[in-house]
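Novice: Need the 3D shape of this:
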Amino acid sequence: AVEEVGGGEPVLPACAAMPDAMPRLGPGIVYIKTHKTASTTMQGVVMRIALNRGLRTFLTKKAHTVDVTGFRTRQVMPLGHLVSFGDGGGDAQVWLNHVYYDPVLFDLVPSANHTLMTVVRHPATTFVSAFNAFKLKQVVGKDVDTIVSQLKHDPVTAATLVHDKLNKPRDRHLDLLSLEGEASHFGGPLKHHALYGKAYMAGVERLRSQACGGKWFMVVAERLHESLLVMAKMYGLSADDMLYYSHRVASSSSSHSLSDDDKEVVGAAQPVSMALYDMANRLLDRYVELYGAEQMREDILDFEADLAEVREVCSKELQDRTDINVRTSNLKKGRSPDARVSAWRNDPVKRRQQCEALAAANFDKN
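Specialist: You can find the predicted model right below:
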């Protein structure tokens, strides 16, 4: 059963105090991917950081989402060394995958010093994008427009229907694509925890309190460039480390747009995810203030000029999709993507071309 949330009280308390200094995170990185939030673009950024620094990286061999029970036995890829799955031994310096939060992540990546990062996006936009991209109409039995209409007229019944269809299967991770999907990365998995139950809310509260304390960083998808520059400060990286190249083109299946009114309705059906999203924006406002608002404006102009150069270079470099697929296949087998690997490590232009090619390949289909 879905336990009630609300009753006039805030779903999650606001931060009692905002950080008084820019947090210093890492040096290891635990990055929890969230579906349909630009998290694969962020995965490409983090992967390139790992590649450039030769960091051993945990990237799961199979499955987009990993349950906590599989952490210690699943084969992983030490990507920074570009060797076969499961080889290398020792602790990793980077974790990046779709995953439910569990403290064992910090056993796998002790150099993260009990800090992590994730990405949030407006929960209404995330839900609709995931619903269409993963063809969840076939599971729920209703399309997005019908669900939004029913949320307007009988929100409890409509939301319960979606939760019942997506949260109960025990062999899939559809709760991460459902209403409250973003929060469920930290409160779930819902096959074990009741939605809005004590265990669920304790997990979400952990994220809230750690983020308020400056320990965990939440990238805001709609403010990606601000988030990336703040992240660079937190992890002691440069703006060049944050450059990315996205090769994706939105398909008709995932580009369903919501009116402002519909967005509000779908957001209201996800009170916990909305609370986390609002908090992430308030925290980012504070970090921009600490960064220096004027400095941020100047750095974004420089950063976006560099991105334009990356797009120009990589759009020419990566016209052949077959070449991209070959590189992806080679990486998944643990082999160097091509013979130029030694050259691009030492040549900034070639490094940018190759690394952004790796980011564009995306490594999975989410």
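Novice: And Val266, how far from Ser273?
Specialist: Taking C-beta to C-beta, to the nearest Å as the measure, Val266 falls 10 Å from Ser273. Using the backbone N, CA and C atoms, a C-beta is placed for each residue, glycine as well.
Novice: Also Met279?
Specialist: 11 Å.
Novice: And these two? Which one has more around it.
Specialist: The neighbour comparison of Met279 against Ser273 (other C-beta atoms under 10 Å) goes to Ser273, with 28 against 20.
Novice: who's in contact with the more buried one?
Specialist: Contact partners of Ser273, counting by C-beta atoms under 8 Å, 6 or more residues apart in numbering, are Val120, Pro123, Thr126, Glu180, Gly181, Glu182, Ala183.
Novice: mind listing the strands in this structure by residue range?
Specialist: In the chain, the segments counted as strands under DSSP state E are 29-33, 57-58, 65-66, 94-99, 117-120, 217-220.
Novice: Which of those strands comes out lowest on mean pLDDT?
Specialist: Among those, strand 65-66 carries the lowest mean pLDDT, a mean of 42.
Novice: Residues that sit against both of Val266 and Ser273, list them.
Specialist: Pro123.
Novice: What ranges in the protein fall below the confidence cut-off?
Specialist: The model of the chain has pLDDT under 70 over residues 1-10, 59-90, 168-172, 246-256, 312-366.
Novice: give me that answer again for 80
Specialist: By pLDDT under 80, the low-scoring segments of the chain are 1-11, 47-48, 50-92, 96-98, 108, 167-173, 188-192, 245-256, 309-366.
Novice: Kindly list the longest helix within it.
Specialist: If you go by DSSP state H, the chain has its longest helix at helix 293-317.
Novice: by contact count, what packs against that one?
Specialist: helix 224-235, helix 348-361 (3 or more C-beta pairs under 8 Å, 6 or more residues apart in numbering; DSSP states H and E).
Novice: Who are the packing partners of the shortest one?
Specialist: In other words, helix 224-235. strand 217-220, helix 271-291, helix 293-317.
Novice: out of the ones you listed, nearest to Leu51?
Specialist: Comparing the helices and strands packed on helix 224-235 against Leu51 with C-beta to C-beta, the closest turns out to be helix 293-317 (15.7 Å).
Novice: between the closest one and helix 224-235, what angle do the directions make?
Specialist: 110 degrees (axes from the mean of the first three to the mean of the last three C-alpha atoms, to 10 degrees).
Novice: Of all the strands of the chain, which one comes closest to Leu105?
Specialist: The nearest among the strands of the chain, by C-beta to C-beta, is strand 29-33 at 5.1 Å.
Novice: Run me through the strand neighbours of the closest one, direction for each.
Specialist: Using DSSP bridges, the strands paired with strand 29-33 in its sheet are strand 94-99 (parallel), strand 117-120 (parallel).
Novice: who wins for proximity to Val140 among those strands?
Specialist: strand 94-99 (20.6 Å).
Novice: Can I get the closest one in PDB, CA atoms only?
Specialist: Output of strand 94-99 as PDB, limited to C-alpha atoms (Å, rounded to 0.1, in the frame of the first residue of the first chain):
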ATOM      1  CA  VAL A  94      35.000   5.900  -9.600                       C
ATOM      2  CA  TRP A  95      31.600   4.300  -9.500                       C
ATOM      3  CA  LEU A  96      29.000   5.200 -12.200                       C
ATOM      4  CA  ASN A  97      25.800   3.300 -13.000                       C
ATOM      5  CA  HIS A  98      22.100   3.300 -12.400                       C
ATOM      6  CA  VAL A  99      21.800   2.000  -8.900                       C
END
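Novice: follow-up on the earlier one: quick one: the strands of the chain as a markdown table, columns for mean neighbour count and distance to Leu307 too.
Specialist: Putting these into a markdown table (neighbours: other C-beta atoms under 10 Å; distance: least, C-beta to C-beta, whole Å) gives the following:
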| stretch | mean neighbour count | distance to Leu307 |
| --- | --- | --- |
| strand 29-33 | 24 | 21 |
| strand 57-58 | 24 | 24 |
| strand 65-66 | 20 | 30 |
| strand 94-99 | 25 | 21 |
| strand 117-120 | 26 | 18 |
| strand 217-220 | 24 | 16 |
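Novice: got TSV for the ones you listed, with distance to Asp241 too?
Specialist: Listed next are the strands of the chain as TSV, based on distance: least, C-beta to C-beta, whole Å:
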stretch	distance to Asp241
strand 29-33	11
strand 57-58	15
strand 65-66	26
strand 94-99	13
strand 117-120	14
strand 217-220	14
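Novice: Can you say which of these is nearest to Gly141?
Specialist: Of those, the one closest to Gly141 (C-beta to C-beta) turns out to be strand 65-66, at 23.1 Å.
Novice: ok so, going back, the strands paired with strand 29-33 into TSV, with extra columns for distance to Ala221?
Specialist: Formatted as TSV, those follow (distance: least, C-beta to C-beta, whole Å):
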stretch	distance to Ala221
strand 94-99	15
strand 117-120	6
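Novice: among these, which is nearest Val139?
Specialist: strand 94-99 (18.1 Å).
Novice: ok, now which ones touch Thr157?
Specialist: Gln150.
Novice: Oops, could you answer that again for His192 instead?
Specialist: Going by C-beta under 8 Å, 6+ apart, His192 touches Ala199.
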